[in-house]
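1. Need coordinates for the below:
(one chain, ligands or ions: 2)
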Amino acid sequence: MTASKFITEYTTERGYDLKLQTGLFINNEFVGGDSQIETVNPANGKVICKVEAAGEEQVNAAVDAAEKAFEEVWSKTTPQKRRDYMLKLATLVDRDHEELSQIETLDNGKGITFSRGFDVRELAECIRYYAGWTDKVHGKVIETEGVLSYTRHEPIGVCGAIIPWNFPVLMLAWKIAPALATGNCVVIKTSELTPLSALKVAALVKEAGFPPGVLNIITGYGHITGDLLARHKKVGKIAFTGSTNVGRLVMKAAAESNLKKVTLELGGKSPNLIFDDADLDLAIKWAFRGVFFNHGQTCCAGTRIYVQEGIYDKFIEKFKEHTSKANIGHPHDDATFQGPQVSQTQYDRIMGYIDTGKKEGATLALGGKRWGEEGYYIEPTIFTDVKEDMTIMKEEIFGPVVCVSKFKTDDEAIQLANNTNYGLASAIFSESNRRCIELAKRIKAGTVWVNCVNVLHANTPFGGFKESGIGRENGEYALDNYTQVKVVKMATTLPA
Ligand code: NAD
Ligand code: MG
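-> Ligands and ions are numbered 1, 2, ... in the order given. The predicted structure is shown next:
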């Protein structure tokens, strides 16, 4: 490993050479912060490199750069030109797809196959999708007496974003793409645990020719850098993804400063209802992916599996068998399904929940232990006979841990599914269309998957009911988060 100013050369354990950007990306330059943060490789617990952390001076500089870019350049840039910058960026993401995937896997610990086939692919896809919207955001003409009334859907100006570590580049895309497409400039704060992939994207933003200041990417600790951004008076909107507790803090900071608009994408404890008439093998494959995808570090993970009593025992037996074959391994190996958890803190938290589950009397049917000798690996863990009032049934664990329980009737299934403060997602497995359509109406969640789980698309909305959040990301719906409506009324008649 060698480091020069804001670049660290690093070779992965499987021999891939990387040049890692480590500066803050402000005004199209990589610059220093007021301190540094070490980022760790979760596969072995060793430090990869240090990145710059933004303090007050750098947060102000990033916001000022965004404000200047908005006033002087971006607000005067045509939608077609904005589209072209975004398409160019997507093309560069495709060109550097492998390098970005390697960085994502190194910093986060997710299997390389998933970085390639999901995270980085969807990064490009999301940018392309919103590039297509740039020239399709428009208002209406409204019939009114004595005046011509028309609406304009105007950008907010400077938008802030704070993202987590579980899908670093994908969360970046979900925030920056609709914001840029609607004509805003952005300051985004990445997670201190996974800053590296976004900084690679930053280099591509510069190469794509975006005007300086349009997109600024900074990192730093949440309670410092994140809080400064959430409180900044020149930031007109803040989009946050992360824990429900921090979501509350972000909303409070917004309320206490300038009442900036807030969208929140928070936690979940999503139910997965599996009925007697389901295709059992299919349900098992999806249930497995639904919870263990990304090592359980997915806000919409199907972590509460409720199985109808007629197939309960058979489900448990087959689900255990299927799960015990999960390919755990080094994240940089193609065959790996499950790599390490992101950090020692997350590892400890999850192991704490596993302990609590055992103490509160749930049956540990599979897993529950560390995997391997180094890194933050946890075996895929299944608890059965989990009661509604047990901690592991109620709280978001954010690890490879699933709770399984039994139900009798459709009504009971719905009552259990909705027995949570969260409402991000849900799934139903049944061969009866009538039942699926009926129950999809009755579940209180932003997504209902039918005979699948965790299937996401850039053009469909994603977001939570209840304490899972405010607002919807993705699709046409997300455009509203980044625009404000103005009505213009022009007199057409003289006053009486
Ligand atoms: P977090 O909510 O603490 O962090 C998310 C982001 O918010 C990070 O960028 C962080 O730096 C920032 N942040 C932290 N404190 C802040 C503050 N006071 N003001 C502004 N920004 C702040 O999440 P975490 O600590 O990384 O993980 C803890 C738990 O959160 C997880 O176990 C999981 O339950 C949940 N989580 C959910 C999601 C999701 O996608 N819904 C993602 C990550 C974590
Ligand atoms: Mg890391």
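2. so where do the helices sit in the stretch 301-450 of the chain?
-> If DSSP state H, counting those that start in this stretch is used as the criterion, the helices of the stretch 301-450 of the chain fall at 312-324, 344-359, 391-394, 410-417, 433-442.
3. residues making contact with the last one?
-> In other words, helix 433-442. With contacts defined as CB atoms under 8 Å, 6 or more residues apart in numbering, helix 433-442 is touched by 273, 275, 277, 410, 413-414, 418, 428, 430, 448, 450-451. Where C-beta positions appear, they are placed from N, C-alpha and C, glycine not excepted.
4. Give me the secondary structure label for residue 201.
-> Under the three-state scheme (DSSP: H, G, I helix; E, B strand; the rest coil), residue 201 adopts helix.
5. cool, and residue 194?
-> Classified using three-state DSSP, residue 194 is coil.
6. and stretch 380-395, which residues are buried?
-> Neighbour-count burial for stretch 380-395 flags 380-384, 386, 390, 392-393, 395 (criterion: 16 or more other CB atoms under 10 Å).
7. Looking at those residues, which is nearest residue 163?
-> Nearest to residue 163 among the buried residues of stretch 380-395 is residue 395, at 22.1 Å by CB to CB.
8. Residue 214 is in contact with residue 186, correct?
-> Yes. The pair residue 186 / residue 214 is scored as a contact, 7.4 Å apart, by CB atoms under 8 Å.
9. okay, those two: which has more neighbours?
-> The neighbour count for residue 186 versus residue 214, taken as other CB atoms under 10 Å, is higher for residue 186 (28 against 24).
10. And the more buried one, how far from ligand 1?
-> 15 Å (CB to the nearest ligand atom, to the nearest Å).
11. try residue 88
-> Residue 88 is 27 Å from ligand 1, by CB to the nearest ligand atom.
12. For that residue, which non-adjacent residue is closest in space?
-> residue 208 (4.2 Å; CB to CB, 6 or more residues apart in numbering).
13. How about residue 467?
-> Counting by CB to CB, 6+ apart, residue 421 is the residue found nearest to residue 467 once chain neighbours are left out, at 4.6 Å.
14. Show the contacting residues for the residue nearest to the spatial centre of the chain.
-> Taking CA atoms, centre = their mean, the centroid of the chain lies closest to residue 171, which sits 4.2 Å from it. By CB under 8 Å, 6+ apart, the contact list for residue 171 reads 163-164, 241.
15. Which of the residues you listed fall in strands?
-> residue 241 (DSSP state E).
16. where in this structure is pLDDT low?
-> Judged by pLDDT under 70, the chain has its weakly predicted residues at 1-4.
17. got the domain boundaries for it?
-> As recorded under automatic domain parsing, the domains making up the chain are 2-266+469-485, 271-458.
18. Buried residues of stretch 130-148, list them for me.
-> For stretch 130-148, by 16+ other CB under 10 Å, it's 130-131, 133-134, 137, 139.
19. Take those and lay them out in JSON lines including distance to ligand 1.
-> JSON lines is the format used below for the buried residues of stretch 130-148 (distance: CB to the nearest ligand atom, whole Å):
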{"residue": "130", "distance to ligand 1": "20"}
{"residue": "131", "distance to ligand 1": "25"}
{"residue": "133", "distance to ligand 1": "24"}
{"residue": "134", "distance to ligand 1": "27"}
{"residue": "137", "distance to ligand 1": "27"}
{"residue": "139", "distance to ligand 1": "33"}
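20. List just the nearest of those residues to ligand 2.
-> Distance to ligand 2, by CB to the ion, is smallest for residue 130 among those, at 27.4 Å.
21. my read: that closest one touches residue 177, true?
-> Yes. Contact criterion CB under 8 Å: residue 130 and residue 177 qualify, at 3.8 Å.
22. what sits in contact with each of those two?
-> Common neighbours of residue 130 and residue 177 (CB under 8 Å, 6+ apart) are residue 86.
23. one step back: quickly check the buried residues of stretch 130-148 for the two that are furthest apart.
-> So, the buried residues of stretch 130-148 by CB to CB: farthest apart are 131 and 139, at 20.7 Å.
24. and the stretch 151-300 of the chain, which of its residues are near ligand 2?
-> On the criterion CB under 5 Å from the ion, ligand 2 has no neighbours in the stretch 151-300 of the chain.
25. Can you tell me how far the residue nearest to residue 383 when sequence neighbours are not counted is from residue 321?
-> For residue 383, ignoring the flanking residues on the chain, the nearest one in space by CB to CB, 6+ apart is residue 362 at 4.2 Å. Here residue 362 is placed at a distance of 20 Å from residue 321 (CB to CB, to the nearest Å).
26. ditto for residue 380
-> Taken as CB to CB, the span from residue 380 to residue 321 is 12 Å.
27. same deal with residue 156?
-> Going from residue 156 to residue 321 by CB to CB gives 52 Å.
28. rewinding a little: Serialize the contacts of helix 433-442 to CSV and add fields for distance to residue 204.
-> Formatted as CSV, the contacts of helix 433-442 follow (distance: CB to CB, whole Å):
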residue, distance to residue 204
273, 42
275, 46
277, 49
410, 50
413, 46
414, 46
418, 43
428, 40
430, 44
448, 36
450, 37
451, 38
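29. Can you classify residue 239 by secondary structure?
-> With three-state DSSP as the basis, residue 239 sits in strand.
30. ok, what's across the strand from it?
-> Counting by DSSP bridges, residue 239 is bridged to residue 161, residue 263.
31. what's the answer for residue 489, then?
-> In beta-bridge terms (that is, DSSP bridges), residue 489 pairs with residue 149.
32. number of nearby residues for residue 36?
-> 14.
33. Report the contact partners of it.
-> 50-53.
34. Is the helix or strand harbouring it in proximity to ligand 1?
-> In the assignment (DSSP states H and E), residue 36 maps to strand 35-41. No. Judged by CB under 6 Å from any ligand atom, strand 35-41 and ligand 1 are separated, with a smallest distance of 10.2 Å.
35. And stretch 434-450, by the same measure?
-> No. Stretch 434-450 lies out of reach of ligand 1 by CB under 6 Å from any ligand atom, never closer than 12.0 Å.
36. Only alpha carbons, please: show that stretch as PDB.
-> Extracted C-alpha coordinates of stretch 434-450, given in PDB (Å, rounded to 0.1, in the frame of the first residue of the first chain):
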ATOM      1  CA  ARG A 434     -57.600 -13.900  -5.300                       C
ATOM      2  CA  ARG A 435     -55.800 -14.200  -1.900                       C
ATOM      3  CA  CYS A 436     -52.700 -12.300  -3.100                       C
ATOM      4  CA  ILE A 437     -54.700  -9.400  -4.400                       C
ATOM      5  CA  GLU A 438     -56.900  -9.200  -1.300                       C
ATOM      6  CA  LEU A 439     -54.000  -9.400   1.200                       C
ATOM      7  CA  ALA A 440     -51.800  -7.100  -0.800                       C
ATOM      8  CA  LYS A 441     -54.500  -4.400  -0.100                       C
ATOM      9  CA  ARG A 442     -54.500  -5.200   3.600                       C
ATOM     10  CA  ILE A 443     -50.700  -5.100   4.400                       C
ATOM     11  CA  LYS A 444     -49.500  -1.800   5.700                       C
ATOM     12  CA  ALA A 445     -46.200  -1.500   3.800                       C
ATOM     13  CA  GLY A 446     -44.700   0.400   0.900                       C
ATOM     14  CA  THR A 447     -43.900  -2.700  -1.100                       C
ATOM     15  CA  VAL A 448     -45.800  -6.000  -1.400                       C
ATOM     16  CA  TRP A 449     -43.900  -8.700  -3.200                       C
ATOM     17  CA  VAL A 450     -46.000 -11.600  -4.500                       C
END
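37. all strands for the stretch 351-496 of the chain, in order.
-> Here the stretch 351-496 of the chain has its strands, by DSSP state E, counting those that start in this stretch, at 363-366, 381-384, 401-407, 425-429, 447-450, 469-470, 483-491.
38. Tabulate those (a markdown table), appending distance to ligand 2.
-> Shown next, in a markdown table, are the strands of the stretch 351-496 of the chain (distance: least, CB to the ion, whole Å):
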| stretch | distance to ligand 2 |
| --- | --- |
| strand 363-366 | 28 |
| strand 381-384 | 23 |
| strand 401-407 | 21 |
| strand 425-429 | 26 |
| strand 447-450 | 28 |
| strand 469-470 | 25 |
| strand 483-491 | 34 |
